[in-house]
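show me the folded form of this:
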Amino acid sequence: MVHTAYEVRDRIKSETGYEPCLINVRFINPLDVERVKETIESFDYIAVMEETVRRGSIGEAVAYEMSTSENRCGSRLLHYCVKSEVLQHGSVKRLKEEQGLDADTIYEDIISHISKKLF
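I've put the predicted structure just below:
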């Protein structure tokens, strides 16, 4: 997903001029809670992209930190993860597209959320 995240970030930057920050979270435990809180305070939208199911995910941990943060500042979580724990066999490309985890789908969704602020 890191490659997808960079692709989405670069496309947002080149097509809108907006400068998204990309943070590569390598481990869920221990989660860098201070970094998460800094990000929540600094950005209107937090997009978490991961190839895992929601339960026990980094996105779930970020959502928890957002819900308990005193300085949430109105940040909104956009969580892109596997929607089903049972997947059919197929190519990685096809499975990502079916789950909405391909760069085009994520880009379009993020743009739909932030377009009011950008344009």
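
helix or strand next in line after the lengthiest strand in the chain, which one?
In the chain, with assignment by DSSP state E, the single longest strand is strand 45-53. As assigned by DSSP states H and E, the chain's next helix or strand after strand 45-53 is helix 58-68.

quick one on the thing from earlier: next, the buried residues of the longest strand of the chain.
For strand 45-53, the neighbour count (16 or more other C-beta atoms under 10 Å) marks Ile46, Ala47, Val48, Met49, Glu50 as buried. Any C-beta I mention is one placed from the backbone N, CA and C, and that applies to glycine too.

same question, stretch 12-23
Neighbour counts over stretch 12-23 (16+ other C-beta under 10 Å) mark Ile12, Pro20 as buried.

which stretches in the protein count as helices?
2-16, 33-42, 58-68, 92-99, 103-118 (DSSP state H).

turn those helices into JSON lines, columns for mean pLDDT.
Shown next, in JSON lines, are the helices of the chain (pLDDT from 0 to 100):
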{"stretch": "helix 2-16", "mean pLDDT": "91"}
{"stretch": "helix 33-42", "mean pLDDT": "85"}
{"stretch": "helix 58-68", "mean pLDDT": "86"}
{"stretch": "helix 92-99", "mean pLDDT": "84"}
{"stretch": "helix 103-118", "mean pLDDT": "85"}
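
go ahead and name everything in contact with the longest strand of the chain.
Strand 45-53 has contacts (C-beta atoms under 8 Å, 6 or more residues apart in numbering) with 1, 4-5, 8, 20, 39-40, 57-59, 62, 66, 75-82, 84-85, 96, 101, 106, 110, 113-114.

run the angle between that strand and helix 58-68 for me.
140 degrees (axes from the mean of the first three to the mean of the last three C-alpha atoms, to 10 degrees).

let me know the average pLDDT across strand 45-53.
Mean pLDDT, strand 45-53: 88.

the inter-axis angle of that strand versus helix 92-99?
On the basis of the same axes, to 10 degrees, strand 45-53 is oriented at 120 degrees to helix 92-99.

what count of nearby residues applies to the residue lying closest to Cys21 once chain neighbours are set aside?
Spatial nearest neighbour of Cys21, excluding adjacent residues (C-beta to C-beta, 6 or more residues apart in numbering): Phe43 at 6.9 Å. As a burial measure, Phe43 scores 14 neighbours (other C-beta atoms under 10 Å).
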